[in-house]
Structures are given as C-alpha cells and as structure tokens.
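**Q** Prediction below, plus the sequence it came from.
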Amino acid sequence: MIAKENYFYLLDGIRGVAALVVMVRHTGYFWGSWTIPQSYLAVDLFFVLSGVVVANAYESRLHGGMSVGRFAMARLIRMYPLYFLGSAVGLLPVIAAMLGLVPSSITAPLPLVLLAAGLMLPLVSEPNLFPLNSPSWSLFFELAANLAYAALLRHLNGMLPAALMLACACGLALAVQADPGAGLHGGFSPETMAVGLYRVGYGFFAGVLLLRQFRRATRAPVAGGGLRAGLCGALLLALLLARPSPALRPWFDFMAVTMAFPVLVYVAMGCRMTGRAARACALLGAISYPLYVLHVPLGRLVNGVLAKLPMGPLPVPWAGLAFVAVLLPLCWLLDRRVDAPLRRCLLRRSGAAREKPP
C-alpha cells in the first residue's frame, strides 16, 4: 500500500488466517475428520480484501494518469510468478501419469493444458478450470475484476458501483435458489463460472466502496484496537468454522458474503495494530499468497509420494500438522527470498509501477 498511514495490518492478518483455513480444506487427506465445511467462503473474503487493497494502492495513481496497461502489468507481475510456480508443481503429477506411475486426472491434450496455464486462462473442457492448480480459478476472476476496475474507473462514481454490487447480489441470490445444496460454492468449474463472476463482482467492488467510505469518513485506525481486532478474529472464525444446517446453508452463505464479510473488513480497517501484533499480521499477510497458490499442488505431490511408500495409512491429523510446519516456513522464504526480489526486478525493468504493489 502507498502511504504508511493507509496500511491496514489487520487485513493482512485476516488474509493469512483465511488462507490457512482454505489450506486445511484442500488438504483434507492430511487432516482426517478435521473438516471446515464453510471454508470456501474465504474466497469471498479475499475478493473484498482485494478491492480494498487495489483501490488503496492504485486509485489515486490511475486518476493521476497511470495507464490501464501499466496497471495490468503491475498486477500481473504481482500474481504471475508464484502462480507459475504452483502450476509447474501441479504439472508433476501429470508427467507421472504419462509415465504410468499414477492415474491421469486430465483428459485435455497436454499442449492445450500448458497453453491455458501459461496464459492464466480457464480450461473449460476440464471439470476444474485450472487442472494444474485448482485454486487458480479465483486468481483469474480477481485479475479480471482488477482490469475491469481500472478500465471503468472514470465511470465508477455515484451509484454505479452500488448498482454493480446489487446486480451481483441478485445473481448470488439466484445461484443459491438454483442449487441450495451447493450454496455459493462455485466458480471453479465450467458449469459454475457465473457464480464466480457474481462472487468476485460483489466482493471486489464492495472492497472499493469500503475504502472510499473509510476515506470519506476521515477515519484513522483506532489506537489500542486489540478488543476490536479480537472481535474481528472471532467473527472470522465463527463464519468460516460454522456448520449451518442444509436448509440454512444457502442463505448463511448469502448473508456472509453480502453483509458479514464487508462489515468485518470495514471494522478491521479501523483497528490500529502496533508492535508484535502488527508484525504478526504482516507475517501472515506475507505468507498468505504463496500459501494459497502452492498448497494444493504441493499437498497433492506429497500425498502422492507418500501413497507410493510401503507404509500404512497417514497418521492424521499429525500428517497435516507436519505439512503445515514445513509449508509455512517455505512460503515465508519464497516470499522473502524469491517472489519479492523477482517482482521488484520485473517492475523496475518493465516500468509498470514506480512503487511496490501490494
């Protein structure tokens, strides 16, 4: 983020916790009965956070003359290196399947899979839009929302952002009515791409409006916001760890996405974090993206290797705890020693942005 006074440390912490919850969901083979049914809603929280972060970092620069092309390059540089690494790791099981070591999970021709992955585009012929690294579907939608925001920024005044959110909220309501059993768990497959569009459209532009409202209210983060931060953490875990009944689940999802997450983020923006708490939140924020984009391919790779070893069933949940104990330091090292220096180099060479993007 651009100015130090506009750096929302607690949002970093929230993003890190949400990434951990998603990781547990997608690596269930390590956790046994430790399940988090509503954890897919963390993606909607990521979309709201993205709207706040992108608007905070780029809105004034876009108004000041930054071109959509430079903005797109800056966002691509932010996302692509670790996305590429995750896809490369996800390619290893495909190669193993070609060698006859494991069953194949991809039906499309490999050149087409590689082309789509390289261009960061969905592969609509597969059950998962991004078969090499399934969570990448949300990155695709997030990047699309980023580009739409930059291209339409001059028109995103008055009631238009709220109108976009209302249209997406109507789409979300229709989605939960059409398939109550799935709730808002969609966007990752060709059949549910519309749900992904509604989710990112509502969440991202909600984040943009939250940032604008925060600035209009001339709010400064509240010193000594430990109680508020604790309440935010409790609300976050209550939403993601909830187990609503099948009858309530669709509307629980709808209310969480359209009301609870925006309120949570807005309250968190007003919390001033200092000292160890700020450092802890910054650490969680630093590992959140590598954790999100690498946990599925690395988890599948580790699980596949362990399945080939002459050993009994995995000792769950200890296998999951061991996986986390290795994965989190790896994510920190990748962010600190690989991704951040690489992004700085690419930004400097491309001239895409003068400042480091969030």
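**A** Yep, that arrived.
**Q** and residue 271, backbone torsions?
**A** Dihedral pair for residue 271: phi -100, psi 120, per degrees, to the nearest 10.
**Q** how near is it to residue 98?
**A** 51 Å (Cβ to Cβ, to the nearest Å). (Glycine included, C-beta is placed from N, CA and C.)
**Q** what do you get for residue 129?
**A** Separation of residue 129 from residue 98 (Cβ to Cβ): 22 Å.
**Q** more crowded one of these two?
**A** Under the neighbour definition other Cβ atoms under 10 Å, residue 129 and residue 98 were set side by side, and residue 129 has more, 24 against 12.
**Q** Contact partners for that one?
**A** 122, 123, 136, 137, 140, 188, 189, 190, 193 (Cβ atoms under 8 Å, 6 or more residues apart in numbering).
**Q** what do you get if the cut-off is 10 Å, keeping everything else the same?
**A** By Cβ atoms under 10 Å, 6 or more residues apart in numbering, the contact set of residue 129 is 116, 121-123, 136-138, 140-141, 187-190, 192-193, 196.
**Q** Doesn't it lie inside a helix?
**A** No: Residue 129 is assigned coil when assessed by DSSP: H, G, I helix; E, B strand; the rest coil, not a helix.
**Q** What values do phi and psi take at it?
**A** phi -60, psi -30.
**Q** Could you identify the helix or strand that succeeds the helix or strand harbouring residue 145?
**A** Taking DSSP states H and E as the criterion, residue 145 maps to helix 136-152. Heading C-terminal from helix 136-152, the first helix or strand you meet, by DSSP H and E, is helix 160-178.
**Q** Now do that following helix: which elements does it pack against?
**A** helix 136-152, helix 193-216, helix 249-255 (3 or more Cβ pairs under 10 Å, 6 or more residues apart in numbering; DSSP states H and E).
**Q** run the last query once more with 7 Å
**A** Contacts defined by 3 or more Cβ pairs under 7 Å, 6 or more residues apart in numbering; DSSP states H and E place helix 160-178 against helix 193-216, helix 249-255.
**Q** right, so those helices: which one is the most enclosed?
**A** The highest mean neighbour count among the helices and strands packed on helix 160-178, using mean count of other Cβ atoms under 10 Å, belongs to helix 193-216: a mean of 22.
**Q** which helices and strands sit right next to that one?
**A** helix 42-63, helix 136-152, helix 160-178, helix 261-269.
**Q** quick one, helices of the stretch 251-358 of the chain?
**A** 261-269, 275-308, 318-333, 340-350 (DSSP state H, counting those that start in this stretch).
**Q** send the alpha carbons of the third one over as PDB?
**A** Taking only C-alpha atoms (Å, rounded to 0.1, in the frame of the first residue of the first chain), the coordinates of helix 318-333 have been written out as PDB:
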ATOM      1  CA  TRP A 318      -0.400 -35.300  12.600                       C
ATOM      2  CA  ALA A 319       0.500 -35.500   8.900                       C
ATOM      3  CA  GLY A 320      -1.400 -32.200   8.400                       C
ATOM      4  CA  LEU A 321       0.500 -30.500  11.200                       C
ATOM      5  CA  ALA A 322       3.800 -31.700   9.800                       C
ATOM      6  CA  PHE A 323       2.800 -30.500   6.400                       C
ATOM      7  CA  VAL A 324       2.000 -27.000   7.800                       C
ATOM      8  CA  ALA A 325       5.200 -27.000   9.800                       C
ATOM      9  CA  VAL A 326       7.200 -27.300   6.600                       C
ATOM     10  CA  LEU A 327       4.900 -25.400   4.300                       C
ATOM     11  CA  LEU A 328       4.700 -22.100   6.300                       C
ATOM     12  CA  PRO A 329       8.500 -21.500   6.500                       C
ATOM     13  CA  LEU A 330       8.800 -22.400   2.800                       C
ATOM     14  CA  CYS A 331       6.100 -19.800   2.000                       C
ATOM     15  CA  TRP A 332       7.900 -17.200   4.000                       C
ATOM     16  CA  LEU A 333      11.200 -18.000   2.300                       C
END
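**Q** Cool, thanks, talk later.
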